[in-house]
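Trainee: Here is the input, now give the coordinates:
(3 chains)
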Amino acid sequence: MNITLRVWRQANAQDEGRMVTYQVADVSPDMSFLEMLDLLNEDLTVKGEEPVAFDHDCREGICGMCGVVINGTAHGRGDSPVPTTTCQLHMRSFADGATIDVEPWRAGPFPVLKDLVVDRSAFDRIIQAGGFISANTGSAPDAHAAPVSKLKADRGFDAATCIGCGACVAACPNSSAMLFTAAKITHLAMLPQGQPERYTRVKSMVAQHDAEGFGNCTNIGECAAVCPKEIPLDTISQLNRDLIASLFKKDGK
Amino acid sequence: MTTTDIPAPATTKGGKPEDFYTLGEEVRDTKAPGGPIDAKWSKRKFEAKLVNPANRRKLTVIIVGTGLAGGAAAASLGEAGYNVLNFCYQDSPRRAHSIAAQGGINAAKNYRNDNDSTFRLFYDTVKGGDYRARETNVYRLAEVSANIIDQCVAQGVPFAREYGGLLDTRSFGGVQVQRTFYARGQTGQQLLIGAYQALERQIAVGTVQMYNRHEMLELIVVDGKARGIITRDMVTGEIESWFADAVVLATGGYGNVFFLSTNAMGCNVTADWRAHRKGAYFGNPCYTQIHPTCIPVHGSNQSKLTLMSESLRNDGRIWVPKRAEDCDKDPRDIAEEDRDYYLERIYPAFGNLVPRDIASRQAKNRCDEGRGVGPAVTEFDSEGNEVKVRRGVYLDFSDAIGRLGKDGVAARYGNLFDMYAQITGENPYETPMRIYPAVHYTMGGLWVDYDLSSNIPGLYVTGEANFSDHGANRLGASALMQGLADGYFVLPNTINDYLAAAPFEKIDETHPAAVEALESVKGRIDRLLSVKGNRTVDSFHKELGHIMWEYCGMERNEAGLMKAIGLIRELREEFWRDVKVTGVNEDLNQTLERAGRVADFFELGELMCIDALHRRESCGGHFRAESQTPDGEALRDDENFLYVAAWEYAGDKPVLHKEPLEYEYIELKQRSYK
Amino acid sequence: MAITGLALVAFLLMHMSGNLKMFISGEAFDHYAHWLKGEGDEGGILYPLIPQGWFIWIFRLGMMAVILLHIYSAVTLWRRAKIANPDTYVAKRRLAQTYSARTMRWGGIILLTGVIFHLLQFTVRATLFSGTADAAPHEMVLGEFSIWWMVVAYAIWMVAVCMHIRHGFWSAFTTLGANTSLKAQRVLNGCAWVIAILLYIGFMIMPVAVLTGVLN
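Mentor: Next up, the predicted model:
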């Protein structure tokens, strides 16, 4: 296959940035999207040009490090038959001779560091605000001390599969990180271990979400549509429910 | 520019294995106390010196890595009140490659009432490691395994549950008890997120300072003690020095020396290797685990391999065509009598469920015979000529679909089938899957004692980065167990014994050892950038990986290993002469990052080959051609090789320190699967 | 946003039922209008708890507050989104959002313009295109909706209103925490469609009837 790529090139955070067109020849349909970018980079390196910087690590769809907007959708979801991360998108999803636009996640709280690499540390700070259960090492009761209904355990699990890639923010017209925040809220709210801090958690995580400069949710649904782990939109409603309930609780700010 | 850091290319083309190393003194673990094995850990914890809680915040500990071993240790030491500096090369601690583990985590809880116990988990792990692990360490691992599950549940890790609300377990990796706890096919992810959340909590309260996108490039050793590290800020290129009272390396495995592996792209040996060059012994570097059920290579631009759970072999049947000319046919058109179900043929008792190493080796043998299937990939034969080889065997579910129905198969393996379909574009319900072995885990790593301390005082090594618990082969579902055991329960109870003597003499950037370390890092980077050659870093890495896979992979022999050492040395020399690294240091420069890692892989690869060369026995995951039974099976040599090989860095000719292994509680047995 | 939005939906339902009194008779409609304003003999709503004629003003103030709060929330959301999302993509493609979800903001502005015109027309009676400002309410309605382009304009405006409600209704319940499962999501979206269509029919049936001469 031969592909025309239009890639966002930006030398550093201060640079303006622009789309640059490249031709990539001899692309195999079995290659992953990132392997196609590897091929481009090998070619650029040989020519003495700087390769395109992009984040990636596990390349099996679980670490959440990769992620670019491909033809206008996060992780190329619009070109993929199934929910996917960028590393699990394969070139067979594209036609020979196709022109593909590749851009970084765009959101104020995710500044571009270089080319397709963005800074997602805002997510870590949202977790720091309360996305945990305070259980010091060594202080745990026996694992069977608190049974969990399977229904709740499964719902918690569905939310816990979030990989923190940021596609939800990239796709959201409001640049809201509600799906990410709500996934953690829902995960911990479903478990008995998560109850003691449940309402302080939701208040402080939402406050941190807003402080990071993410927009608010208007229930449009683009986030869930691109989520590689299919985190459902109802987690956001769970967050709202807990947030409203927290207004009537004494704990927390 | 300092070049002292880079070894001169070696020209030794040795004749005998002994020419490649020198024999040093024996090394021993001095920390495990005497007494019965089930009392040792309690005794050690009691005897270890303590640090007063009020003094802990005056002590600084550097932890490199945020996976299960590093993240758990950082969180636990932070909770204890130490001042922790934690580093990772990814953009967030949550990305560490522990996240990709699928299967589960073992724990001797005996929730199933099926006769499990600490001793049985200990026994299975030692036996699974083919009697090349230290009894004391493994017993402790089994002992703390139950606490791990309690801890993780308390953190909110959503393990699989039954309708009664209690935890579900399954049997895994060929053991006969159901002791594996799991969270769908994402156990590693859930455990890592648990550790990550505990870590973020400590970051929020300020006990842990987190440095993302920082790569450790050197260890600072002062008066024989590990006192700090040098890092490169991967966004700005700034080279910085960090000082502490102790340094913990939790930097994972080095499977990427093979280029293609199931490791993450960034996994590397640099932190371990830099410590090794500063004097830390490297234990059993040649022990790597090859996993038989990975999705095969599709072409020369493949960047990584993807593992599928071994459970597939429970219902799938493995075969290749009997005749090489059938290999490019549609498998459905190959008649039953023209198929070679080779595992069922050779091992009628175990069939497709033979251990990982046998399944892997036999698949490679079939492909070497020219009976592999799938796309042919370019390789180089022993004369260096380009050849096309098909690297894959069929894993066929048509019998299982006939027996269980398509829905029955989907219920058991649906997610794996979907994953396969997404990667290959083929429908495994219609055509047989293709599988091939891939490097998955490295049992070798820096040598540590019972306290997880390396031979450099103040340098601790946890998780896959150390060599300690898995011997020559790792049992399924025990990597997660070891990482968390080390991070949550072992290190936080042993490092205090060392830190009790701290704080040590205060040092800063002006200390000669720090200056030397910083300059050597800068010199190395300058040198990489100034070569300005013609070949890309990846092309070197691929070639190195090919040499390693061919000669130091599943099956090894003396001539091949000696040849490999020569090839690696030539390639390393070419690398420093002809590598092309674009850009500058003061920037986000991914080519430069990779170049530094590959440079260290060359040296590691050489040591792995030397270790493999000296270990003239088949053991664990490795088949040594010179050591086999009359019917071609692996033959362990306990008389000559019942020891850990701890290698000391000494340029081209490393020094071998043997740590004899003593089995007091477990009787040595030869494996048999026929 | 959610609470004020739902209050406005409730108002629309009430308004719709009032309009439908035209189908009983012109007198019934007039009576209803006078009753709302407290101009009838019985003193109007809540009389004698509150003085005659006060209710309508309290209600109008309340509605004004609700609308202002709704606008304030919308502007805040919009502003935050603008700050959070300073750069747009070169290539844009939408996967999930409905047309109504996407047009909540500009659509809202169109709605507001329509509301202002509507109030000027029927409440202030400043922009009447037929008859005089002192005509009985039902005569005024009959007069205005006999103009064909007026009905067309209202039909278009009501499409905008109902689209806004289609997304707004489901979105409000989601924000209030009612969307707890995939099933709930389907039910809420279903209800949103029902309400939107009901309002459209309920509001348009009377003007169409006037225009076609069924009501006169």
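
Trainee: Quick check: residues of chain C near chain A?
Mentor: Applying Cβ under 8 Å from any Cβ of the partner chain, one finds that chain C approaches chain A through C:77, C:80-81, C:83-97, C:101-102, C:104, C:167, C:170-171, C:174-182, C:184-185. Every residue, glycine included, has its C-beta placed from N, CA and C.

Trainee: could you say which helix or strand contains B:His440?
Mentor: Following DSSP states H and E, one finds B:His440 within strand B:433-442.

Trainee: so where is chain A shaky, pLDDT-wise?
Mentor: A:252-253 (pLDDT under 70).

Trainee: just the buried members of the residues of chain C next to chain A?
Mentor: Using 16 or more other Cβ atoms under 10 Å in any protein chain shown as the burial test, the residues of chain C next to chain A include C:77, C:80-81, C:84-85, C:89, C:91, C:94, C:97, C:101-102, C:104, C:167, C:170-171, C:174-175, C:177-180, C:185 as buried.

Trainee: which residues does A:Val46 contact?
Mentor: B:534, B:536, B:580 (Cβ atoms under 8 Å, 6 or more residues apart in numbering or on different chains).

Trainee: So what's the residue count around A:Arg92?
Mentor: When neighbours are counted by other Cβ atoms under 10 Å in any protein chain shown, A:Arg92 registers 13.

Trainee: which residue sits closest to the residue in the stretch 151-300 of chain B that chain A sits nearest to in space, ignoring its chain neighbours?
Mentor: The minimum distance from the stretch 151-300 of chain B to chain A, using Cβ to the nearest Cβ, falls at B:Gly165 (2.8 Å). Of all residues not flanking B:Gly165 in the chain, A:Pro147 sits nearest, at 2.8 Å (Cβ to Cβ, 6 or more residues apart in numbering or on different chains).

Trainee: ditto for B:Tyr196
Mentor: Per Cβ to Cβ, 6+ apart, closest to B:Tyr196 is B:Arg94, 4.4 Å.

Trainee: Show which residues not belonging to stretch A:5-21 make contact with it.
Mentor: With Cβ under 8 Å, 6+ apart as the test, stretch A:5-21 has contacts from A:4, A:22-24, A:40, A:52, A:99-104, A:111-116, B:587-588, C:90.

Trainee: Quick check: the gap between B:Tyr673 and B:Thr629.
Mentor: 12 Å (Cβ to Cβ, to the nearest Å).

Trainee: returning to that earlier point: so the residue of the stretch 151-300 of chain B closest to chain A sits in a strand?
Mentor: No - assigned with DSSP: H, G, I helix; E, B strand; the rest coil, B:Gly165 falls outside any strand and is coil.

Trainee: Need the pLDDT of it.
Mentor: Note on B:Gly165: pLDDT of 94.

Trainee: same deal with B:Thr11?
Mentor: pLDDT, read off for B:Thr11, is 48.

Trainee: next one: the one 5 residues further on
Mentor: Per-residue confidence at B:Lys16 stands at 90 (pLDDT).

Trainee: circling back to that earlier point, contacts only, for the residue of the stretch 151-300 of chain B closest to chain A.
Mentor: A:147-150, A:153.

Trainee: Now the buried members of those.
Mentor: Buried among these by 16+ other Cβ under 10 Å: A:148, A:150, A:153.

Trainee: export the residues you listed to a markdown table and tack on distance to B:Lys31?
Mentor: Listed next are those as a markdown table, based on distance: Cβ to Cβ, whole Å:
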| residue | distance to B:Lys31 |
| --- | --- |
| A:Val148 | 39 |
| A:Lys150 | 44 |
| A:Ala153 | 40 |
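
Trainee: how about B:Gly279, what does it touch?
Mentor: With Cβ under 8 Å, 6+ apart, B:Gly279 has these contacts: B:221, B:455-456, B:648-649.

Trainee: Just those: which are in strands?
Mentor: In strands, judged by DSSP state E, the following of the contacts of B:Gly279 are found: B:221, B:648.

Trainee: I'd assumed A:Leu37 was in contact with A:Cys87.
Mentor: No - the criterion here is Cβ atoms under 8 Å, and A:Cys87 misses it with A:Leu37 at 10.2 Å.

Trainee: follow-up on the earlier one: what about B:Tyr673 and B:Thr629, which has more around it?
Mentor: Set B:Tyr673 next to B:Thr629 and count neighbours by other Cβ under 10 Å: B:Tyr673 wins out with 15 against 12.

Trainee: thought that one was touching B:Gly351?
Mentor: No - contact between B:Tyr673 and B:Gly351 fails when scored by Cβ under 8 Å: they sit 9.8 Å apart.

Trainee: Tell me both backbone torsions, phi and psi, for C:Arg94.
Mentor: Per-residue torsions, C:Arg94: phi -110, psi 140 (degrees, to the nearest 10).

Trainee: what sits against the residue of the stretch 151-253 of chain A found nearest chain C?
Mentor: At 2.7 Å from chain C, A:Arg241 is the closest residue in the stretch 151-253 of chain A, using Cβ to the nearest Cβ. Listed by Cβ under 8 Å, 6+ apart, the contact set of A:Arg241 reads C:176-178, C:180.

Trainee: rerun at 7 Å
Mentor: C:Gly177 (Cβ atoms under 7 Å, 6 or more residues apart in numbering or on different chains).

Trainee: how close does it get to chain B?
Mentor: Separation of A:Arg241 from chain B (Cβ to the nearest Cβ, to the nearest Å): 19 Å.

Trainee: Find me the pLDDT at the residue of chain C found nearest chain B, would you?
Mentor: Residue of chain C nearest chain B, by Cβ to the nearest Cβ: C:Ser181 (17.7 Å). Among the per-residue scores, C:Ser181 shows a pLDDT of 90.

Trainee: quick one: it and A:Asp234 touch, right?
Mentor: Yes - contact status for C:Ser181 versus A:Asp234: in contact at 5.5 Å, counting by Cβ atoms under 7 Å.

Trainee: excluding its backbone neighbours, what's nearest the residue nearest the centre of chain C?
Mentor: Residue closest to the average C-alpha location in chain C (Cα atoms, centre = their mean): C:Leu12, at 4.7 Å. Spatial nearest neighbour of C:Leu12, excluding adjacent residues (Cβ to Cβ, 6+ apart): C:Leu199 at 5.7 Å.

Trainee: ok, now which ones touch the residue in the stretch 1-150 of chain A that chain C sits nearest to?
Mentor: Of all residues in the stretch 1-150 of chain A, A:Gly72 sits closest to chain C, at 3.3 Å by Cβ to the nearest Cβ. Neighbour list for A:Gly72: A:78, A:101, C:89, C:91-93 [criterion: Cβ under 7 Å, 6+ apart].

Trainee: same check, this time on B:Ser618
Mentor: Residues in contact with B:Ser618 (Cβ under 7 Å, 6+ apart) are B:624, B:627-628, B:634-636.

Trainee: No more questions from me, cheers.
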